[in-house]
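Novice: Provided below for reference: sequence and predicted model.
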Amino acid sequence: MANEEVYSPVSIPKESNGGRTKVKDPRILIGRVRDVVTFPVPDKKGIIISQPIVMVEGKSMVAIEVTASSISISQPTEGDPDNKGSIPAIEVFRPGSLEPEFEAFVENNLNEDLFVIVQYPEQNVKKLFGSRYNPLQMTVETTDNNEGDVNKITLTQALRGRRACFYQAALPPVQGEAVVGSGGEGV
């Protein structure tokens with residue numbers, strides 16, 4: 001027990017330009033919890049996942065390309081004293097409603113337990129939203145009118161819990177993309 005790594009408060013200096021918008025990969029990686037064999041847990045500090053997510057043989061995550069500037073991540077904290085937690089949510093916009101593949105994705109994942117990896121390529125950071133026991137749920141609002149044709153996709157954690165984790169392992173397989181070995185940089 002004496003060697004266990006636990007959280008110890010440390011001073012945190014302000015990062016220069018830390019509040020500046022971070023570039024996000026326009027490909028949001030979405031996986032189904034039921035397609036996962038091993039879903040690793042965060043470290044003792046509760047924020048870093050260093051072991052890979054292992055998918056069921058033949059299953060993979062999917063990449064949904066969205067409008068990069070529309071990716072909005074929120075992690076509000078709520079709850080009564082001694083009962084607070086975060087409810088991470090990802091909101092994105094995807095143009096067009098005439099793609100059968102996208103409509104099939106929506107139709108077949110509305111009631112699925114999901115997890116998402118968002119990548120920050122310039123910082124070489126990946127964040128994982130949702131978990132096996134506290135997954136994300138998806139809602140989609142499509143608007144097709146004289147002003148445009150767009151899908152608003154919202155993925156929200158089902159229950160209060162932890163904030164999104166830093167995912168520092170190799171990415172799981174992504175449908176349609178070459179598998180990168182564990183020594184690789186990811187996709």
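Specialist: Received it, and whenever you're ready, just let me know what you need.
Novice: Please count neighbours and contacts with C-alpha atoms only from this point.
Specialist: Noted.
Novice: isn't Thr154 right up against Met138?
Specialist: Yes - Thr154 is in contact with Met138 according to CA atoms under 8 Å; the separation is 5.6 Å.
Novice: Settle it for me: which of those two has more neighbours?
Specialist: Between Thr154 and Met138, counted using other CA atoms under 10 Å, the more crowded position is Met138 (22 against 18).
Novice: so how far is Glu57 from that one?
Specialist: For Met138, the distance to Glu57 (CA to CA, to the nearest Å) stands at 24 Å.
Novice: swap in Phe166?
Specialist: As judged by CA to CA, Phe166 and Glu57 stand 25 Å apart.
Novice: With neighbour numbers in mind, choose between these two.
Specialist: Phe166 (19 against 9).
Novice: Any idea how many residues pack against the closest residue to Glu122 other than its chain neighbours?
Specialist: Ranked by CA to CA, 6 or more residues apart in numbering and with sequence neighbours excluded, the top spatial neighbour of Glu122 is Val23, at 6.8 Å. Neighbours of Val23 under the rule other CA under 10 Å: 14.
Novice: need the contact list for Val23.
Specialist: Tyr120, Pro121, Glu122 (CA atoms under 8 Å, 6 or more residues apart in numbering).
Novice: Same question for Val33.
Specialist: With CA under 8 Å, 6+ apart, Val33 has these contacts: Glu112, Asp113, Leu114, Phe115, Ser131, Arg132, Pro135.
Novice: swap the cut-off to 7 Å and go again
Specialist: Asp113, Leu114, Phe115, Arg132 (CA atoms under 7 Å, 6 or more residues apart in numbering).
Novice: from those, which single one is nearest Asp144?
Specialist: Leu114 (26.2 Å; CA to CA).
Novice: Lys127 versus the residue positioned nearest the centre of the chain, what's the distance?
Specialist: Nearest to the mean C-alpha position of the chain, counting by CA atoms, centre = their mean, stands Val116 at 2.7 Å. Distance, Val116 to Lys127, by CA to CA: 8 Å.
Novice: Repeat that for Asn109.
Specialist: Distance from Asn109 to Lys127, by CA to CA: 21 Å.
Novice: Looking at those two, which one has more neighbours?
Specialist: Shown here are Asn109 and Lys127; by other CA under 10 Å, Lys127 has more neighbours (18 against 15).
Novice: which residues does the more buried one contact?
Specialist: Taking CA under 7 Å, 6+ apart as the contact definition, Lys127 lies against Ile117, Val118, Gln119, Ala164, Cys165, Phe166, Tyr167.
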